[in-house]
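J.: Give me a model of this one.
(one chain, ligands or ions: 1)
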Amino acid sequence: MAKRYARKLIGPQIELVPMCPKCRGSIYWSMYGGREGQRAGAYCSNNASATRVIIDPDNMITCQWEGYVVRNKNGAVDVFSIDGCAVPHKVVRYKRPAK
Ligand SMILES: [Zn+2]
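T.: Okay, here's the model as predicted:
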């Protein structure tokens, strides 16, 4: 069973980033306000409508996933699929320069 994280930020070097439940791609959204409960559309980075540079059209992945984001009371956003299910997260590690 997948581990569930209550906090998105675990520590200074590790962050949980929402990912597309279909293709594990990054999720893009744009929200211009900061009010709690505000919603905005979200799209997979592999969606054909996402702005990107096409490097290799033969190996291009297209993903139809769509969802939305909701501003939570902490000022961060929660990401959901269009059916209301929360999306999974992937762990991203940041490399820090040695002191
Ligand atoms: Zn996707």
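J.: ok, N46 - contacts?
T.: N46 is in contact with 20, 23, 25, 61-63, counting by CB atoms under 8 Å, 6 or more residues apart in numbering. Placement of C-beta: from N, CA and C, glycine included.
J.: Next one: the residue nearest to it when sequence neighbours are not counted from G41, what distance?
T.: Spatial nearest neighbour of N46, chain neighbours left out: C63 (3.9 Å); criterion: CB to CB, 6 or more residues apart in numbering. According to CB to CB, to the nearest Å, C63 stands 15 Å off from G41.
J.: neighbour count winner among those two?
T.: Ranked by neighbour count (other CB atoms under 10 Å), C63 and G41 place C63 first, with 18 against 13.
J.: Surely the more buried one is in a strand?
T.: No: per DSSP: H, G, I helix; E, B strand; the rest coil, C63 lies outside any strand segment and is coil.
J.: Hmm, S26 and it touching each other?
T.: No: contact criterion CB atoms under 8 Å: C63 and S26 do not qualify, at 10.7 Å.
J.: joint contacts of these two?
T.: Common neighbours of C63 and S26 (criterion: CB under 8 Å, 6+ apart): 20, 44.
J.: how many neighbours does the closest residue to I14 other than its chain neighbours have?
T.: Counting by CB to CB, 6+ apart, I14 lies nearest to R93, which is 5.6 Å off, once chain neighbours are set aside. Look at R93: counted by other CB under 10 Å, it has 9 neighbours.
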